[in-house]
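*Asks:* Test case, fold it:
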Amino acid sequence: MGLEDVDWSAGKVWVISKGTRQHEPVPVSPEALAYLAAYLDEAGLPAPGQPLWRTRRGQPRPLTYWALRQVMARANDALGINWTLHDLRHPAATRMARDPELTLVEVQTILRHAHVTTTAQYTVVALEDLMDKLAEHYRRPKLEPRWTPGYAAGDVEAVFG
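*Replies:* You can find the predicted model right below:
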């Protein structure tokens, strides 16, 4: 990814898709662009046609996938965790999937999933939300069961107690 792959005004970046290997636009948040601008301010602009991301240790060189894995390995060791690069997508995907203003197909498109079933795994209900809904349920008055007309009350009582 080079500087020419960042569309600052439209809020998107162009990436090579893992599946199709096509050069595709992906929307990014204003915050992501602000962080990118801060990185470029500190690291300097790359030369035309040169990679946007560069290593920060030693002589600057392109930040390859394998070099970034080493960065993650050092962070994992320092923090006592075991995260992968792919794990960084999950919080954003979950947040988008839970947003009532975004459809699941829109989230699928943003994440560039081939199948909506892959995106659907991020729609799991948060325990906090479930606890709130359950508390609301118990605050509502209990509904008395009503049986379909025609059943004898004695028969219903014998079966259901």
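*Asks:* The residue nearest the centre of the chain and residue 110: what is the separation?
*Replies:* In the chain, the residue lying closest to the centroid (Cα atoms, centre = their mean) is residue 93, at 1.4 Å. For residue 93, the distance to residue 110 (Cβ to Cβ, to the nearest Å) stands at 9 Å. C-beta: built from backbone N, CA, C; applies to glycine.
*Asks:* What segments of the protein are strands?
*Replies:* Applying DSSP state E to the chain gives strands spanning 6-7, 12-16, 23-27.
*Asks:* May I see these arranged in a markdown table, with mean neighbour count as well?
*Replies:* Formatted as a markdown table, these follow (neighbours: other Cβ atoms under 10 Å):
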| stretch | mean neighbour count |
| --- | --- |
| strand 6-7 | 16 |
| strand 12-16 | 15 |
| strand 23-27 | 13 |
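*Asks:* Compile those into CSV and extend it with columns for distance to residue 77.
*Replies:* CSV is the format used below for the strands of the chain (distance: least, Cβ to Cβ, whole Å):
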stretch, distance to residue 77
strand 6-7, 31
strand 12-16, 28
strand 23-27, 30
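*Asks:* coming back round to it: and the closest residue to the residue nearest to the centre of the chain other than its chain neighbours, how far is that from residue 17?
*Replies:* For residue 93, ignoring the flanking residues on the chain, the nearest one in space by Cβ to Cβ, 6 or more residues apart in numbering is residue 122 at 4.6 Å. Counting by Cβ to Cβ, the gap from residue 122 to residue 17 is 19 Å.
*Asks:* the more surrounded of the two?
*Replies:* Using other Cβ atoms under 10 Å as the criterion, residue 122 and residue 17 rank with residue 122 on top: 21 against 12.
*Asks:* Next, the contact list for that one, please.
*Replies:* For residue 122, the contacting residues are 90, 93, 94, 96, 97, 98, 107, by Cβ atoms under 8 Å, 6 or more residues apart in numbering.
*Asks:* can I assume residue 96 is in contact with residue 104?
*Replies:* No: with contact defined as Cβ atoms under 8 Å, residue 96 does not count as touching residue 104 (9.4 Å).
*Asks:* can you list the domains in this protein?
*Replies:* 1-52, 54-83, 87-161 (automatic domain parsing).
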